[in-house]
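Enquirer: no sequence on this one, just coordinates:
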């Protein structure tokens with residue numbers, strides 16, 4: 001099979017040899033399918049195509065030769081659809097970890113996911129060195145409860161190596177019927193590989209959760225799915241009802257938030273800003289750059305804000321943190337974020353699904369690119385836990401042989417006291433160290449402001 005280019009007419013002419021006449025109809029159908037997929041995408045930049053390397057057409061001939069040879073001689077009988085979709089998937093995944101092809105089923109699942117409910121394990125993933133990398137587990141999902149962490153690498157799925165799979169293929173294998181188990185082989189820094197069994201479930205994302213920490217409002221955004229901005233506004237209204245003017249500040253927790261919808265990142269940022277740029281996108285064509293600005297007043301009336309981030313904070317999370325950091329509207333506390341600062345455009349392909357293509361990069365208001373760098377916190381605080389340290393096991397005066405009584409009639413400490421101390425230690429739950437530092441910071445700011453008045 002050969003492709004001949006008729007440049008005057010702008011279409012491909014299929015050259016078919018005598019030995020291939022019997023498969024003429026099928027080959028023409030396949031070629032038409034290829035052209036139908038390519039045409040809508042390339043027509044956007046017609047001038048670029050006109051200046052394309054002449055070798056491009058020779059390579060198209062090569063593609064046709066390989067396609068027909070596989071169809072004719074491969075030991076099994078793959079369908080034309082499988083071959084073409086695999087070729088498109090390989091082309092896109094070779095560009096970067098986030099460009100990919102979605103068939104009609106995958107495209108439908110993606111649309112459900114952005115609405116906040118989908119089936120699976122509950123992790124946001126990407127590819128790194130041929131392995132699946134966990135960007136972050138989603139709160140209260142099977143993966144979260146199984147103990148998966150941001151930065152974990154998954155090398156095997158039910159004992160089968162991930163190496164060689166595309167990200168889309170790996171994600172498809174992790175999905176399955178609700179209630180079924182899947183065994184993930186996990187590589188974690190400074191640890192031996194270990195297996196984690198995760199039970200698939202319907203993932204329902206409550207994207208915003210909130211409560212009061214004394215006089216400080218705590219807002220946790222787990223993902224920027226639809227209506228995340230509404231959830232934040234409702235949280236602020238609840239704080240107003242409960243403490244009113246006594247509210248001393250806001251902690252916005254974006255840790256392990258893998259991102260989501262750009263418009264939600266913009267509207268959430270807008271809640272805390274009264275003016276100025278939120279984020280800009282810049283692509284191949286300078287004329288297609290976009291800037292998104294704040295449009296409404298600061299709904300928190302200038303209350304101090306601390307944003308918590310870590311290595312699992314990505315994409316939309318980094319947009320919010322970067323915008324509020326650049327405007328001096330919030331102090332960013334925690335560890336450096338993931339660094340996913342590229343924009344993927346979903347391009348529908350009719351009945352054949354859609355393609356996810358990286359088309360531009362995100363920049364914070366000060367012009368910083370988020371890609372591969374992330375957001376560096378203003379205050380670096382590694383995660384740890386605060387626990388009460390029991391001193392009941394140390395030797396004291398009362399433990400010494402022949403120790404005198406205290407003279408007030410009280411007996412030396414008994415084993416009952418030691419037991420009570422141990423029970424108290426057992427009942428006290430470890431505290432979130434990063435959150436405690438954020439609360440301390442806001443209390444300090446509130447105290448300073450009160451002293452300045």
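Expert: In hand now; what should we look at? Nothing here was measured: the structure is a model prediction, and the numbers come from that model.

Enquirer: low pLDDT regions in the chain?
Expert: 1-52, 112-119, 385-430, 450-453 (pLDDT under 70).

Enquirer: now do the spatially most central residue of the chain against residue 363, distance only.
Expert: What sits nearest the mean C-alpha location of the chain, by Cα atoms, centre = their mean, is residue 258, with 2.2 Å. Per Cβ to Cβ, to the nearest Å, residue 258 is found 20 Å from residue 363. To be clear about C-beta, it is placed using only N, CA and C from the backbone, and glycine gets the same treatment.

Enquirer: domain ranges for this structure?
Expert: Domains of the chain are assigned by automatic domain parsing as 2-78, 117-204, 208-380.

Enquirer: buried deepest among the ones you listed, which one?
Expert: domain 208-380 (a mean of 20; mean count of other Cβ atoms under 10 Å).

Enquirer: endpoints of that domain, how far apart?
Expert: 25 Å (Cα to Cα, to the nearest Å).

Enquirer: go on, stretch 306-322?
Expert: Rule used - Cα to Cα; the end-to-end distance of stretch 306-322 is 12 Å.

Enquirer: strands paired with whichever helix or strand residue 127 is part of, and their directions?
Expert: Per DSSP states H and E: residue 127 is located in strand 123-128. Applying DSSP bridges, strand 123-128 is found paired with strand 131-137 (antiparallel).

Enquirer: any idea how far the partner strand is from the middle of the chain?
Expert: 9 Å (Cα atoms, centre = their mean, to the nearest Å).

Enquirer: same for the helix or strand just after that strand, what does it pack against?
Expert: In the C-terminal direction, the helix or strand that comes right after strand 131-137 (DSSP H and E) is helix 142-145. If contacts are counted by 3 or more Cβ pairs under 8 Å, 6 or more residues apart in numbering; DSSP states H and E, helix 142-145 sits against strand 131-137, strand 194-199.

Enquirer: can I get those in JSON lines with distance to residue 355?
Expert: Shown next, in JSON lines, are these (distance: least, Cβ to Cβ, whole Å):
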{"stretch": "strand 131-137", "distance to residue 355": "21"}
{"stretch": "strand 194-199", "distance to residue 355": "29"}
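
Enquirer: if we can go back for a sec, now the domains of the chain as a markdown table including distance to residue 89?
Expert: Formatted as a markdown table, the domains of the chain follow (distance: least, Cβ to Cβ, whole Å):
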| stretch | distance to residue 89 |
| --- | --- |
| domain 2-78 | 12 |
| domain 117-204 | 6 |
| domain 208-380 | 9 |
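
Enquirer: any idea which of those domains gets closest to residue 442?
Expert: Nearest to residue 442, of all those, is domain 208-380, at 3.7 Å by Cβ to Cβ.

Enquirer: now the helices: where do they sit in this protein?
Expert: Secondary structure of the chain (DSSP state H): helices located at 24-42, 46-50, 55-73, 80-93, 104-113, 142-145, 167-174, 228-243, 262-272, 316-326, 415-427, 433-452.

Enquirer: surely residue 293 and residue 277 touch.
Expert: Yes: here residue 293 lies in contact with residue 277, judged by Cβ atoms under 8 Å, at a distance of 5.3 Å.

Enquirer: close enough to count as contact, residue 259 and residue 321?
Expert: No: at 11.4 Å, residue 259 does not count as touching residue 321 under the criterion of Cβ under 8 Å.

Enquirer: now do the end-to-end distance for stretch 204-223.
Expert: Terminal-residue distance, stretch 204-223 (Cα to Cα): 11 Å.

Enquirer: hmm, who's touching it?
Expert: 116-117, 138-140, 224-225, 227-228, 231-232, 234-236, 238-239, 242-243, 246-254, 256-260, 268, 317, 435, 439, 442-443, 446 (Cβ atoms under 8 Å, 6 or more residues apart in numbering).

Enquirer: against which helices or strands is the longest strand belonging to the chain packed?
Expert: Criterion DSSP state E: the longest strand present in the chain is strand 354-363. For strand 354-363, the packing partners by 3+ Cβ pairs under 8 Å, 6+ apart come out as helix 80-93, strand 100-102, strand 277-283, strand 342-348.

Enquirer: what would those look like in CSV with distance to residue 335?
Expert: Listed next are these as CSV, based on distance: least, Cβ to Cβ, whole Å:
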stretch, distance to residue 335
helix 80-93, 29
strand 100-102, 28
strand 277-283, 22
strand 342-348, 21
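
Enquirer: and of those, who's closest to residue 289?
Expert: So among the helices and strands packed on strand 354-363, strand 277-283 is nearest, using Cβ to Cβ, at 4.7 Å.

Enquirer: quick one: work out the angle between the closest one and strand 354-363.
Expert: 120 degrees (axes from the mean of the first three to the mean of the last three Cα atoms, to 10 degrees).

Enquirer: hmm, back to that, between the helices and strands packed on strand 354-363, which gets nearest to residue 311?
Expert: strand 342-348 (17.3 Å).

Enquirer: which other helices and strands does the closest one contact?
Expert: strand 354-363.

Enquirer: need the residues that contact the strand it packs on.
Expert: Taking Cβ under 8 Å, 6+ apart as the rule, strand 354-363 contacts 41, 88, 92, 95-96, 98-102, 107, 110, 279-284, 288-290, 318-319, 341-349, 369-371.

Enquirer: and it, how far from the chain's centre?
Expert: On Cα atoms, centre = their mean, the centre of strand 354-363 falls 15 Å from that of its chain.

Enquirer: got it, and stretch 304-314?
Expert: 13 Å.

Enquirer: please tell me how far residue 377 sits from residue 437.
Expert: Distance, residue 377 to residue 437, using Cβ to Cβ: 11 Å.
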